[in-house]
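Visitor: sharing a model prediction with you, sequence too.
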Amino acid sequence: NAGVTQTPKFQVLKTGQSMTLQCAQDMNHNSMYWYRQDPGMGLRLIYYSASEGTTDKGEVPNGYNVSRLNKREFSLRLESAAPSQTSVYFCASSKGQLNTEAFFGQGTRLTVV
Amino acid sequence: DAKTTQPTSMDCAEGRAANLPCNHSTISGNEYVYWYRQIHSQGPQYIIHGLKNNETNEMASLIITEDRKSSTLILPHATLRDTAVYYCIVRVGRYNFNKFYFGSGTKLNVKP
């Protein structure tokens, strides 16, 4: 069971470079989420997609864009990376209803130098 | 949006029950309480969730007060592998349009 798969697992970028974090789920879930976690802190919601074809901002969307490519895939793009975006990024998915849990990927550790 | 308050850290002896409290005094009637844990820097792991009744599964029990303003996660026999950060989350939104907001969580230290 793959669950939620994130690629890459590690990445180092130079300031100003761009990159896309990939996320795919094989559970036929409707909703998908991107979070970031800074050292010693909890997860903060960047963007989410309630269903295929829709995306919405979370708590900290500035500097990011997302694409819900299809029901399985939800990508996060950094157009011009900044050191403040150094973090661990987690993707998650859920069926979407209030009484169903979310499943998380293992994270992408991004360092911007 | 409902927010949660948890102690920053707690200690528990191995083999004893760990009781982790959470306050969510602004919770709305249709919002569920979820518990997750995060071991080291892995992805958060689902533990349990509930609306107003107490819940139990193979990992833990969830006790929700009658007024729903607080809850307690119980790990009945803590082991060293239960050392982790535990997050109490209120899932906010409408039925099919909702999201999880994480707080800072409780660092549970299980000691031999």
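Guide: Perfect, thanks for sending it.

Visitor: pick out the residue nearest the middle of chain A.
Guide: With distances taken as CA atoms, centre = their mean, residue A:34 lies nearest the centre of chain A, 2.9 Å away.

Visitor: what's opposite the single nearest residue of chain A relative to chain B in the beta bridge?
Guide: The shortest separation between chain A and chain B is 3.5 Å, found at residue A:104 (distances taken as CB to the nearest CB). The C-beta positions use only the backbone N, C-alpha and C, and glycine is treated the same way. Partner residues in beta bridges with residue A:104, using DSSP bridges, are residue A:92.

Visitor: contact partners for it?
Guide: Residue A:104 makes contacts with A:4, A:90, A:91, A:92, B:43, B:44, B:45, as judged by CB atoms under 8 Å, 6 or more residues apart in numbering or on different chains.

Visitor: how about the strands in chain B?
Guide: B:9-13, B:18-23, B:33-38, B:45-50, B:55-56, B:61-64, B:70-75, B:84-94, B:97-100, B:106-111 (DSSP state E).

Visitor: likewise for chain A?
Guide: Going by DSSP E, chain A shows strands at A:4-7, A:10-13, A:19-25, A:31-37, A:43-49, A:56-57, A:65-68, A:74-78, A:87-94, A:102-104, A:108-112.

Visitor: can you list those strands in a markdown table and add mean pLDDT?
Guide: As requested, the strands of chain A are arranged in a markdown table below (pLDDT from 0 to 100):
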| stretch | mean pLDDT |
| --- | --- |
| strand A:4-7 | 97 |
| strand A:10-13 | 97 |
| strand A:19-25 | 97 |
| strand A:31-37 | 94 |
| strand A:43-49 | 92 |
| strand A:56-57 | 92 |
| strand A:65-68 | 97 |
| strand A:74-78 | 98 |
| strand A:87-94 | 96 |
| strand A:102-104 | 92 |
| strand A:108-112 | 97 |
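
Visitor: out of those, which one sits most buried?
Guide: Comparing the strands of chain A on average neighbours per residue, with mean count of other CB atoms under 10 Å in any protein chain shown, the densest one is strand A:31-37 at a mean of 26.

Visitor: who does that strand pair up with?
Guide: For strand A:31-37, the paired strands and their directions (DSSP bridges) read strand A:43-49 (antiparallel), strand A:87-94 (antiparallel).

Visitor: how about chain B: which residue is closest to chain A?
Guide: With CB to the nearest CB, the shortest gap between chain B and chain A falls at residue B:43, namely 3.5 Å.

Visitor: next, the contact list for that residue, please.
Guide: Residues touching residue B:43, when contacts are defined by CB under 8 Å, 6+ apart, comprise A:4, A:90, A:92, A:104, A:105, A:106, A:107.
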